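Asks: no sequence on hand, only this structure:
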Ligand code: PEP
């Protein structure tokens with residue numbers, strides 16, 4: 001399976017910073033075709049800039065969230081059809097900063113993923129346990145339950161990516177060990193196959209949580225890891241591109 005390396009810029013950077021990064025990525029992609037699919041998810045107001053800067057580069061751009069409804073009186077929210085109209089290929093849903101900071105439940109995330117599918121977008125459905133849940137030995141049960149609750153009936157191998165992001169590893173520098181990642185990704189693959197059948201083998205499984213230029217090569221070779229969701233390191237073009245080039249060829 002071709003890997004996907006996705007950069008989540010979160011709420012960072014101004015237009016000029018984004019323009020510099022877009023140009024740097026474009027230059028690198030032109031110099032050597034990346035060994036994987038590369039996705040950039042800038043803040044929503046910069047998606048039109050991404051579309052203008054990255055069109056024709058082979059690089060993909062996407063949203064960090066969408067609303068569950070296609071349109072309406074939802075001040076401040078972003079509609080999946082608008083993301084599609086801006087040329088996005090993917091949208092992240094259920095990031096732990098949305099689950100935690102905005103109180104989004106599995107049900108809400110499933111509805112958002114369904115909205116992404118209706119708009120023709122690939123939904124990157126995030127899940128992951130807290131430090132407390134891991135310490136209690138409940139990591140596997142928590143992610144299995146999140147997966148069951150967060151995937152809509154429309155999910156299939158082509159329109160859905162699942163990102164395992166243990167909360168304690170996000171933005172902390174504490175990466176999960178390859179053994180921990182292998183265990184959870186193996187479990188997610190089994191759950192996807194039992195739920196979706198053959199399609200479950202085609203869902204890409206990303207690992208996210210302090211992936212950086214130094215640890216990417218090892219993490220990207222863990223069984224059932226089909227790419228990475230990268231936060232902090234995606235803001236540094238050199239580091240992000242090292243991660244891209246670390247993807248298995
Ligand atoms: C993320 O926000 O999805 C993430 C994994 O962040 P970081 O790489 O900074 O841990």
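Replies: Cool, got the structure. Just so it is clear, the structure is predicted and the values come from calculations on it, not from any experiment. Residues are numbered from 1 along each chain as shown.
Asks: so where do the strands sit in this protein?
Replies: Assigned strands in the chain, in chain order: 4-8, 37-41, 60-63, 90-93, 122-127, 160-164, 204-208, 227-230 (criterion: DSSP state E).
Asks: could you export these as TSV, including mean neighbour count?
Replies: Every residue, glycine included, has its C-beta placed from N, CA and C. Output for the strands of the chain, formatted as TSV (neighbours: other C-beta atoms under 10 Å):
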stretch	mean neighbour count
strand 4-8	26
strand 37-41	25
strand 60-63	25
strand 90-93	26
strand 122-127	27
strand 160-164	26
strand 204-208	25
strand 227-230	28
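Asks: of these, which is nearest residue 149?
Replies: Closest approach to residue 149 among the strands of the chain (C-beta to C-beta): strand 122-127, 9.2 Å.
Asks: what about that closest one and the ligand, any contact?
Replies: No. Using C-beta under 6 Å from any ligand atom, strand 122-127 never reaches the ligand; the gap is at least 7.0 Å.
Asks: so how far is residue 45 from the residue with the largest distance to the centre of the chain?
Replies: The outermost residue of the chain, judged against the average C-alpha position, is residue 73 (27.0 Å), by C-alpha atoms, centre = their mean. In this view, residue 73 and residue 45 are 20 Å apart by C-beta to C-beta, to the nearest Å.
Asks: helices along the chain, start to end?
Replies: With helices called from DSSP state H, the chain shows them at 15-31, 47-54, 80-85, 96-101, 106-118, 131-135, 139-150, 178-196, 216-219, 237-245.
Asks: so which of those helices comes closest to residue 165?
Replies: helix 96-101 (6.1 Å).
Asks: what residues does the closest one touch?
Replies: Taking contacts as C-beta atoms under 8 Å, 6 or more residues apart in numbering, the residues outside helix 96-101 that touch it are 10, 65, 104-105, 109, 126, 128, 165, 167, 170.
Asks: mind checking how far residue 70 is from the ligand?
Replies: Counting by C-beta to the nearest ligand atom, to the nearest Å, the gap from residue 70 to the ligand is 26 Å.
Asks: for the nearest residue to residue 20 once chain neighbours are set aside, give me its contacts.
Replies: Distances taken as C-beta to C-beta, 6 or more residues apart in numbering place residue 237 nearest to residue 20, at 7.9 Å, with adjacent residues excluded. Applying C-beta under 8 Å, 6+ apart, we find residue 237 in contact with 20-21, 24-25, 28.
Asks: in ChimeraX, how would I select the buried members of the residues you listed?
Replies: If you want just the buried ones from the contacts of residue 237 in ChimeraX, going by 16 or more other C-beta atoms under 10 Å, the selection is:
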select :21,25,28
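Asks: show the contacting residues for residue 196.
Replies: Contacts for residue 196 were tallied using C-beta under 8 Å, 6+ apart; they are 155-157, 203.
Asks: show me what the nearest residue to residue 219 once chain neighbours are set aside is bridged to.
Replies: Closest residue to residue 219 apart from its sequence neighbours, by C-beta to C-beta, 6+ apart: residue 207 at 5.6 Å. Beta bridges link residue 207 to residue 164, residue 228, judged by DSSP bridges.
Asks: measure residue 207 to residue 243 for me?
Replies: Plainly put, residue 207 is 11 Å away from residue 243 if you go by C-beta to C-beta.
Asks: quick check: neighbours shared by the two?
Replies: Counting by C-beta under 8 Å, 6+ apart, the shared contacts of residue 207 and residue 243 are residue 228.
Asks: follow-up on the earlier one: which one of the helices of the chain lies closest to residue 6?
Replies: helix 237-245 (10.2 Å).
Asks: run the chain-centre distance for that closest one.
Replies: How far helix 237-245 lies from its chain's middle: 16 Å, per C-alpha atoms, centre = their mean, to the nearest Å.
Asks: between it and strand 4-8, how big is the angle?
Replies: Angle between the axes of helix 237-245 and strand 4-8 is 150 degrees (criterion: axes from the mean of the first three to the mean of the last three C-alpha atoms, to 10 degrees).
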